[in-house]
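*Asks:* with the input below, show me the fold.
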Amino acid sequence: MGYVSAVPVPQPRAARASGAATAPGGRRSLAAALLLGALGATVVLLSAGQIWAEGTATVGGGTVPVEADGGTVTGVPTALAIVGLAALVAVFAVRRTGRTLVSGLLALSGAGAVLASFLGASDSGALDAEAARVTGDTAASVTGLTHTAWPYVTAAGAVLILLAGLLALRYGAAWPAMGGRYEREGGPRSARPARGPAARPGTDPDRPEDLWKALDRGEDPTHDG
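*Replies:* Presented below is the predicted three-dimensional model:
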């Protein structure tokens with residue numbers, strides 16, 4: 001008398017299928033956070049060095065032009081952009097609660113830089129100080145005060161840092177950590193079959209450092225091939 005037994009589909013295969021369905025979204029959020037954070041910090045650092053305010057100061061019966069760059073008006077956006085860059089890197093060096101805290105710091109850095117940029121857009125104290133230095137008169141003040149668009153460009157860059165932090169808070173728990181040996185399938189990297197662009201030697205779409213390399217080469221790290 002023979003017995004016929006059904007062969008069930010192995011559970012690990014189902015788990016891998018489920019993981020594969022969610023992996024592209026995780027990689028996209030990771031790539032987006034890296035791009036937004038790096039681009040935002042670059043914009044803030046560059047625009048903070050531009051002229052934010054201009055005017056004229058009276059000296060010896062005439063006038064002399066005075067101007068102040070973003071660093072003179074306020075150094076807060078620059079400092080917070082550097083903090084944001086450090087937090088962006090640290091997100092991938094920590095796990096669990098540490099990652100949440102660092103992601104929050106990244107978001108707060110962006111929010112603080114946005115606020116400081118907007119406050120600096122209407123500040124006149126730095127230009128008055130520059131007028132006093134140029135004229136040698138501590139009572140000198142600026143007339144014809146105007147502000148450029150650079151404070152708002154700085155604020156836009158800070159918004160990108162803020163968005164990177166919000167992405168990290170929302171999706172960061174599923175991102176890989178630097179040097180991690182296991183990923184979504186629950187097995188070692190060496191057991192994972194290579195496919196598409198991920199098969200290129202030295203490129204792993206789930207490692208932050210490899211995403212940076214792919215972006216530098218002009219590739220789309222979220223494309224599976």
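*Asks:* how about Ser122: what's its closest non-neighbour residue?
*Replies:* His147 (7.0 Å; Cβ to Cβ, 6 or more residues apart in numbering). Placement of C-beta: from N, CA and C, glycine included.
*Asks:* hang on, that neighbour packs against Ala121?
*Replies:* Yes. Using Cβ atoms under 8 Å, His147 makes contact with Ala121 at a distance of 5.6 Å.
*Asks:* need the residues touching each of the two.
*Replies:* Counting by Cβ atoms under 8 Å, 6 or more residues apart in numbering, the contacts common to His147 and Ala121 are Trp52.
*Asks:* next SSE downstream of the helix or strand containing Thr100?
*Replies:* With secondary structure defined by DSSP states H and E, Thr100 is part of helix 96-120. Note on helix 96-120: by DSSP H and E, the next helix or strand toward the C-terminus is helix 125-135.
*Asks:* residues contacting Ala168?
*Replies:* Ala33, Val91, Arg99, Val102, Ser103, Leu106, Ala107, Trp175.
*Asks:* which of those sit farthest apart?
*Replies:* Greatest spacing in those, by Cβ to Cβ: Ala107 and Trp175 (15.3 Å).
*Asks:* shaky segments in the chain?
*Replies:* 1-26, 60, 137-139, 178-209, 211-212, 215-216, 218-225 (pLDDT under 70).
*Asks:* okay, buried residues for stretch 30-50 please.
*Replies:* 30-31, 33-38, 40-41, 43-45, 47-48 (16 or more other Cβ atoms under 10 Å).
*Asks:* which of the residues you listed fall within helices?
*Replies:* 30-31, 33-38, 40-41, 43-45, 47 (DSSP state H).
*Asks:* rewinding a little: how about the contacts made by the residue nearest to Ser122?
*Replies:* Trp52, Ala53, Glu54, Ala121, Ser122.
*Asks:* ditto for Gly165
*Replies:* Contacts of Gly165 (Cβ under 8 Å, 6+ apart): Gly37, Gly84, Ala87, Ser103, Gly104, Leu105, Leu106, Ala107, Leu108, Ser109, Gly110.
*Asks:* include distance to Val142 when you put those residues into CSV, please.
*Replies:* Putting the contacts of Gly165 into CSV (distance: Cβ to Cβ, whole Å) gives the following:
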residue, distance to Val142
Gly37, 36
Gly84, 32
Ala87, 37
Ser103, 41
Gly104, 39
Leu105, 37
Leu106, 36
Ala107, 36
Leu108, 33
Ser109, 31
Gly110, 31
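*Asks:* counting neighbours, which of the residues you listed end up buried?
*Replies:* Buried among the contacts of Gly165 (16+ other Cβ under 10 Å): Gly37, Gly84, Ala87, Ser103, Leu105, Leu106, Ala107, Leu108, Ser109, Gly110.
*Asks:* what's the farthest-apart pair in those?
*Replies:* Top of the distance list for these (Cβ to Cβ): Gly37 and Leu108, 13.2 Å.
*Asks:* any chance of the contacts of His147 in a markdown table, plus distance to Ala132 and neighbour count?
*Replies:* As requested, the contacts of His147 are exported to a markdown table (distance: Cβ to Cβ, whole Å; neighbours: other Cβ atoms under 10 Å):
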| residue | distance to Ala132 | neighbour count |
| --- | --- | --- |
| Trp52 | 18 | 29 |
| Ala53 | 14 | 28 |
| Glu54 | 16 | 16 |
| Ala121 | 22 | 20 |
| Ser122 | 20 | 11 |
